[in-house]
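**Q** no sequence for this one, just the structure:
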């Protein structure tokens, strides 16, 4: 058994979902600043996530879904996922973002599964609260270890692809660690570095 895990925002998608949502409220720059600090490892991911989601309070769920369903797919995403599946990999994504996006794009991209967070809403409007599977700096690593145990996959047969500090925990349990257009903190932990926005380059490196 072999397993490949992709980050979602700025990896499978060209951009950060929460920044597209914040733009709707005129808060893109404020959210982008917090996102940048989190991805560089300057602030705790949980704190950054809850701060950013609180700014989305009042946004209609209908509009959230419209935005999440029209995110720009990263160049080569579909081809790379299919290429990995052809090599015998089960391919999933771990995202500190939201199911509104990951669960929509999973079948479009050909993913075998998606793990992310849920934006809480009431009466069709976001409350500014969030919960889910990928809330903490350690979440991706913990979920990866669980999948490895269930699937009987070794770290040597695991590929992790990401761009930010919250991907470090899954890198610790992956034999192949791809930093894709990544922050320096993640590049330091990678054994494959790709600085061009084309995921297909991964297939030439593994």
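**A** Yep, it's here. Nothing here was measured: the structure is a model prediction, and the numbers come from that model. Numbers count the residues shown, from 1 in each chain.

**Q** If you count neighbours, what's buried in the lowest-mean-pLDDT helix or strand in the chain?
**A** Ranking every helix and strand in the chain by mean pLDDT, DSSP states H and E puts helix 28-39 at the bottom, with a mean of 90. Across helix 28-39, burial judged by 16 or more other CB atoms under 10 Å covers 28, 31-32, 34-39. (C-beta placed from N, C-alpha, C; glycine too.)

**Q** check which helix or strand covers residue 106.
**A** Following DSSP states H and E, one finds residue 106 within helix 99-109.

**Q** one step back: what does the least confident helix or strand of the chain contact?
**A** Contacts to helix 28-39, defined as CB atoms under 8 Å, 6 or more residues apart in numbering, come from residues 10, 16, 18-19, 22, 43-45, 48-49, 51-52, 55, 163-166, 183.

**Q** how far is that helix from where the chain is centred?
**A** Distance, stretch centre to chain centre, for helix 28-39: 15 Å (CA atoms, centre = their mean, to the nearest Å).

**Q** How about residue 87: what's its closest non-neighbour residue?
**A** residue 2 (7.3 Å; CB to CB, 6 or more residues apart in numbering).

**Q** give me the number of residues near that neighbour?
**A** Per other CB atoms under 10 Å, the neighbour tally for residue 2 reads 17.

**Q** unless I'm mixing things up, it is touching residue 85, no?
**A** No - if you go by CB atoms under 8 Å, residue 2 and residue 85 don't touch, sitting 9.9 Å apart.

**Q** can you redo the buried residues of helix 28-39 as TSV with distance to residue 111?
**A** As requested, these are arranged in TSV below (distance: CB to CB, whole Å):
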residue	distance to residue 111
28	27
31	26
32	26
34	27
35	23
36	26
37	28
38	24
39	22
